[in-house]
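Undergrad: Just to be clear, the model below is a prediction. Sequence and coordinates:
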Amino acid sequence: MAWLLVVVAGILETGFAVCLKLSHGFTRLWPTVAFCTFALGSFGLLTLALKKLDVGPAYAVWTGIGAAGTAIYGMAFLGDLVSTLKLVSISFVIVGVIGLQLSGSAH
């Protein structure tokens, strides 16, 4: 269950990163509200998960999901540059996240 919380927190991290971009420096109300909501949810779920998981693997999985998700979202919906190197690199991040999740054990 703790790893599920980390995965959902990582997805919410993607949400807060995208909303941070869309807020244009916190000058747009609804993306700023969404940023705050996603950030609180993400940090809250990560905090709960860390009661049961080792901090290193859990944090790395959380940031990896957020980084890969944000990069994928940016390429798919925000016009970010798509390149073979970028796609291969994101694949490496995803493989690393999977490996870290498999290596991290619950207390």
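TA: Everything's here; your move. Numbers count the residues shown, from 1 in each chain.

Undergrad: so where is the chain shaky, pLDDT-wise?
TA: The chain contains residues with pLDDT under 70 at 104-107.

Undergrad: wait, isn't Val8 in contact with Leu45?
TA: Yes: with contacts defined as C-beta atoms under 8 Å, Val8 counts as touching Leu45 at a distance of 5.6 Å. Using the backbone N, CA and C atoms, a C-beta is placed for each residue, glycine as well.

Undergrad: And those two? Which one has more around it.
TA: For Val8 and Leu45, the more surrounded residue by other C-beta atoms under 10 Å is Leu45, and the numbers stand at 22 against 17.

Undergrad: Show me where the protein has its strands.
TA: The residue ranges that make up strands in the chain, judged by DSSP state E, are empty, as it has none.

Undergrad: Helices of that one, start to end?
TA: For the chain, the helices defined by DSSP state H occupy 2-22, 29-49, 55-77, 84-103.

Undergrad: Contacts for the shortest one next, please.
TA: Okay, so that is helix 84-103. Around helix 84-103, the neighbours that count as contacts under C-beta atoms under 8 Å, 6 or more residues apart in numbering are Trp3, Val6, Pro57, Ala60, Val61, Gly64, Ile65, Ala67, Ala68, Ala71, Ile72, Met75.

Undergrad: I'd like those residues as CSV, with neighbour count appended.
TA: Supplementary listing: these in CSV, determined by neighbours: other C-beta atoms under 10 Å:
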residue, neighbour count
Trp3, 17
Val6, 27
Pro57, 19
Ala60, 19
Val61, 27
Gly64, 23
Ile65, 24
Ala67, 18
Ala68, 20
Ala71, 19
Ile72, 17
Met75, 16
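
Undergrad: Now distance to Phe16 too, for those residues, in JSON lines please.
TA: Putting these into JSON lines (distance: C-beta to C-beta, whole Å) gives the following:
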{"residue": "Trp3", "distance to Phe16": "20"}
{"residue": "Val6", "distance to Phe16": "15"}
{"residue": "Pro57", "distance to Phe16": "21"}
{"residue": "Ala60", "distance to Phe16": "18"}
{"residue": "Val61", "distance to Phe16": "17"}
{"residue": "Gly64", "distance to Phe16": "15"}
{"residue": "Ile65", "distance to Phe16": "12"}
{"residue": "Ala67", "distance to Phe16": "12"}
{"residue": "Ala68", "distance to Phe16": "15"}
{"residue": "Ala71", "distance to Phe16": "15"}
{"residue": "Ile72", "distance to Phe16": "15"}
{"residue": "Met75", "distance to Phe16": "18"}
